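[1] Give me a 3D structure for the following:
(one chain, ligands or ions: 1)
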Amino acid sequence: MNDKPVNDKLAVAIHAAKYVENGMLVGLGTGSTANYFIEELARRQREEGLTVTTIASSNISMIKAQSLGLNVIALAQVAEIDLYIDGADEITPDMTLLKGRGYDLVLEKLLAKAANQFIVVADKSKLVDRIGTHYAIPIEVMPMAWKAVKRSLEKAGGVGDLRQNVAKDGLSISSHGSLVLDMAFDKSISEAALNHLINNTPGVVEHGIFLGLTSGVLIAGDGKIEERWQ
Ligand code: 5RP
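    All right, here's what the predicted structure looks like:
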């Protein structure tokens, strides 16, 4: 009998890698689940002769992919990618996502938009009824504009502040060089309205609500993987 605990993130990442075909340009996500996917992709390249080109959603994923021998190109070289696989912090029933706990949502959203297929990989702890259930909305702001953005969002009922670094002795700076405001909003505001409001606030670089971008989600839990498609 095998009593080893099931690693849901690993299981779903390995499952997702089966969607990668020879010759594809594949977007690599950021986070622990995306890391397992990068490792599995590198394994398939090494052991199965899969030929693949990748494009990373963060410096940390680029470094990991390169260290495992994957060919990584720059976003500036392409307008479109075949497949993007990434994790998420929250997933609603209509596949709206909250992303960005890991500071890299600007590139993540660019890849999600550029991808012909965007597949989200997660364990079932990420399923929620609405965005904002467990986390505030991460909003990357131009450093010079953070006070103006905060005030605009407060007028719409937002509550929050600048994200601090892990040591709590300074501010978090995103890979893109932005400051990050984590703002919570009243549950009566719909995701579409929030998306619209934040998109239309000058000084916002990007934010963590991914609306209408997801092709499908692969959810791992209790040793099984459930696929949901749009
Ligand atoms: C980073 C993200 C990640 O995909 C998200 O935080 C999920 O991470 P993990 O797979 O470690 O749970 O959006 O910006």
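[2] where do the helices sit along the chain?
    Assigned by DSSP state H, the helices in the chain fall at 8-17, 32-48, 59-67, 105-114, 146-155, 191-199.
[3] Now tell me what touches stretch 56-72 from outside.
    Applying CB atoms under 8 Å, 6 or more residues apart in numbering, the contact partners of stretch 56-72 are 27-30, 34-35, 38-39, 41-42, 45-46, 52-55, 84, 86, 102-104, 107-108, 111, 175. Yep, even glycine has a C-beta here, placed from its N, CA and C like the rest.
[4] Show the pLDDT at the closest residue to residue 130 other than its chain neighbours.
    Using CB to CB, 6 or more residues apart in numbering and skipping the chain neighbours, the partner closest in space to residue 130 is residue 92 (6.0 Å). Among the per-residue scores, residue 92 holds a pLDDT of 98.
[5] pretty sure residue 92 contacts residue 129?
    Yes. Assessed by CB atoms under 8 Å, residue 92 is found in contact with residue 129 at 6.7 Å.
[6] Name the residues of stretch 86-104 that are buried.
    For stretch 86-104, a neighbour-count test (16 or more other CB atoms under 10 Å) marks 86-92, 95-104 as buried.
[7] typo on my end, it should be stretch 207-222
    Buried residues in stretch 207-222 (16+ other CB under 10 Å): 207-211, 213-221.
[8] if I pick the residue nearest to residue 130, what's in contact with it?
    128, 129, 130, 131, 191.
[9] which one of the residues you listed has the most neighbours?
    residue 131 (25 neighbours; other CB atoms under 10 Å).
[10] Looking at the buried residues of stretch 207-222, which is nearest the ligand?
    In terms of CB to the nearest ligand atom, no member of the buried residues of stretch 207-222 lies closer to the ligand than residue 208, at 7.2 Å.
[11] quick one: contacts for that closest one?
    Per CB under 8 Å, 6+ apart, neighbours of residue 208: 89, 97, 98, 99, 100, 105, 137, 138, 139.
[12] hang on, the earlier thing: what about the helices of the chain, which gets the closest to the ligand?
    Evaluated over the helices of the chain, closeness to the ligand peaks at helix 32-48, with 3.3 Å, by CB to the nearest ligand atom.
[13] Residue 201: what's it in contact with?
    Here residue 201 is in contact with 149, 152, 153 (CB under 8 Å, 6+ apart).
[14] again, only using 6 Å
    149, 152 (CB atoms under 6 Å, 6 or more residues apart in numbering).
[15] That one and residue 183: what is the separation?
    10 Å (CB to CB, to the nearest Å).
[16] next one: residue 110
    Here residue 110 is placed at a distance of 22 Å from residue 183 (CB to CB).
[17] if you count what's nearby, which of these two comes out ahead?
    Neighbour tally, residue 110 and residue 183, criterion other CB under 10 Å: the higher count belongs to residue 183, 23 against 17.
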